[in-house]
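1. Sequence isn't available, so here's the structure alone:
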């Protein structure tokens with residue numbers, strides 16, 4: 001069984017996974033859409049493609065998040081939708097341009113080594129979880145106690161990494 005996916009692969013449900021767990025925090029998609037429109041007018045699927053390319057193929061917003069947000073942005077007067085050849089093409093209004101921050105797109109751009117490191121970390125955590133479950137199921141009381149100590153020490157070491165920044 002494979003432990004991890006390559007950047008840009010889709011999971012069994014057809015979703016892109018890998019970048020930050022495959023998801024961008026909900027409030028960020030709004031800002032990312034505005035930032036993607038700085039590059040010029042686009043329809044919803046073109047915006048999804050732009051964001052996917054910027055994320056190196058590791059994340060793509062779903063139509064279920066993009067289209068309602070575009071409607072909301074239009075209702076708020078930040079984007080204007082025009083029908084062109086049967087598609088609704090969105091562009092920034094002056095108010096939307098004032099709110100758009102194209103530096104947000106740089107946050108999506110993770111180099112191949114950073115993406116690989118994230119995927120490696122995720123795979124190792126999954127392996128650790130499997131090993132801990134096995135100890136919990138088949139280990140004796142002393143082994144379980146020892147496993148608790150090992151996992152606690154690892155967790156504390158990870159937090160120390162963040163504290164040392």
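-> Okay, I see it. Just so it is clear, the structure is predicted and the values come from calculations on it, not from any experiment. Numbers count the residues shown, from 1 in each chain.
2. after the helix or strand of the chain with the lowest mean pLDDT comes which helix or strand?
-> Every helix and strand of the chain was ranked by mean pLDDT, DSSP states H and E. The lowest is helix 103-108, at a mean of 64. For helix 103-108, the succeeding helix or strand toward the C-terminus, using DSSP states H and E, is helix 112-138.
3. helices or strands up against that next one?
-> Applying 3 or more C-beta pairs under 8 Å, 6 or more residues apart in numbering; DSSP states H and E, one finds that helix 112-138 contacts helix 141-163. C-betas here are computed from N, CA, C, even on glycine.
4. which non-adjacent residue is nearest residue 37?
-> Of all residues not flanking residue 37 in the chain, residue 92 sits nearest, at 4.8 Å (C-beta to C-beta, 6 or more residues apart in numbering).
5. any idea how far residue 134 is from that neighbour?
-> Separation of residue 92 from residue 134 (C-beta to C-beta, to the nearest Å) stands at 53 Å.
6. Looking at the two, which one has more neighbours?
-> More neighbours surround residue 92 than the other of residue 92 and residue 134, with 22 against 11 (other C-beta atoms under 10 Å).
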